[in-house]
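# Sequence and computational prediction follow.
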Amino acid sequence: MKSIQSSLTDWMQSSSLRERLDQAMQELLTDPLVQSALQRNPDITQESIEQGLVKLYEFRKESYHCETCPGLANCPNMMKGYRPELISQKGALDLHYHPCHLKREEDEKKQQQQLMRSLYVPKEILEASFDTLDRDQDRAEACRKALAFALHANPGENGEGLYLYGKFGVGKTHIMGAVMNALKGRRISSMIVYTPDFFREMKQAIGDGSFQQKLDMVKNVQVLILDDIGAETISGWIRDDVLGAILQHRMLEKLPTLFTSNYDYEELEEHLAYSDRGGIEELKAKRIMERIKHFTAFVTVEGKNRRSR
């Protein structure tokens, strides 16, 4: 009677099985994704390929999942949100997994939300898009300019943003939500903060030691949206050392800043001129407003109050 090992060897050497294995390996090696990965690793030998077929099969399967990505929540890869990279390590095939852009965006968003409470935005704003946006006649021009910004924004090269002015409840923040989602489709990171909460939070950050970290995050995001500026209680420190520092840095780095407000330029300048120390500081307010005016396009948003019942 033959031993199990001997029978297994005979079975592995059978012509029909060998043909099927050869055919499968040929199909694998002619796959465009596999070929491209092998070309990036010219030191890979035929022997290492034959010994690493399992890795190659895993690479192809996971890579095609990424090519037909169903979204992060439905990612079928073994490590959700990670895509494989084929490498040669000491002559053997191996796989390294790296977070995909969706995973990086989610992690960045979680990090931002953990650090800053003022980033909270209602779900309907985060889900807004230009496809579902109510573009009636009163808001048509604002929607058009917002869409143009979202399609052509180029942080680091062009720092011009938008200033959406309108009365309470006309949908300014909703338009900004659509801008954020359009930018996300272009892999441009953005952040929206409710300005009154943000300024209060920055005051508290002095005490808990997180001030500089929070300030740097807002200064360096590719596109920043300051929602409802002018609704806050202003102080000289907030105006000069927080808002002024943010705008100065973003101006120098050509990073767009967008605003929504119930105040037009002149009214916002008047608001910023008041000092908690008493009196009016017109010159300091003008310096802030010069930065805002120079790097934003003023857009009026009209229409009925959509929050009224």
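Looks like it arrived, so ask away.
# Burial check on the closest residue to Val301 other than its chain neighbours, number of neighbours?
Counting by Cβ to Cβ, 6 or more residues apart in numbering, Gly166 is the residue found nearest to Val301 once chain neighbours are left out, at 3.5 Å. All C-beta atoms are positioned from the backbone trio N, CA, C, and that covers glycine. Other residues within reach of Gly166, judged by other Cβ atoms under 10 Å, total 21.
# Same check on Val218?
For Val218, using other Cβ under 10 Å, the count is 23.
# thought it was touching Ser190?
No: Val218 is beyond contact range of Ser190, at 11.6 Å (criterion: Cβ atoms under 8 Å).
# quick one, strands of the stretch 51-200 of the chain?
82-89, 92-99, 161-165, 190-194 (DSSP state E, counting those that start in this stretch).
# Kindly report the same for the stretch 201-309 of the chain.
Under DSSP E, counting those that start in this stretch, the stretch 201-309 of the chain gives strands at 223-227, 257-261, 296-300.
# in the last one, what's buried?
Judged by neighbour count (16 or more other Cβ atoms under 10 Å), strand 296-300 contains these buried residues: Thr296, Val299.
# That one vs strand 161-165, what angle?
Angle of strand 296-300 versus strand 161-165, following axes from the mean of the first three to the mean of the last three Cα atoms, to 10 degrees, is 30 degrees.
# Ok, the first one next?
Orientation of strand 223-227 against strand 161-165 (the same axes, to 10 degrees) gives an angle of 10 degrees.
# how far out from the middle of the chain is strand 223-227?
Offset of strand 223-227 from its chain centre (Cα atoms, centre = their mean, to the nearest Å): 13 Å.
# Low-confidence ranges, this protein, go.
1-18, 111-120, 276-278, 306-309 (pLDDT under 70).
# Contact partners for the residue nearest to the spatial centre of it?
Ranked by distance to the mean C-alpha position of the chain (Cα atoms, centre = their mean), the top residue is Ser189 at 3.2 Å. Neighbouring residues of Ser189 by Cβ atoms under 8 Å, 6 or more residues apart in numbering: Glu105, Glu108, Leu183, Val221, Gln222, Val223.
# And the buried ones among the residues you listed, selectable in ChimeraX?
ChimeraX command restricting the contacts of Ser189 to the buried ones, with burial defined by 16+ other Cβ under 10 Å:
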select :105,183,221,222,223
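# Who are the contact partners of the residue lying closest to Cys66 once chain neighbours are set aside?
Ranked by Cβ to Cβ, 6+ apart and with sequence neighbours excluded, the top spatial neighbour of Cys66 is Arg83, at 4.6 Å. The contact partners of Arg83, by Cβ under 8 Å, 6+ apart, come to Glu62, Ser63, Cys66, Asn77, Tyr97, His98, Pro99, Cys100.
# Try it again at 10 Å.
59, 62-63, 65-67, 69, 75, 77, 96-103 (Cβ atoms under 10 Å, 6 or more residues apart in numbering).
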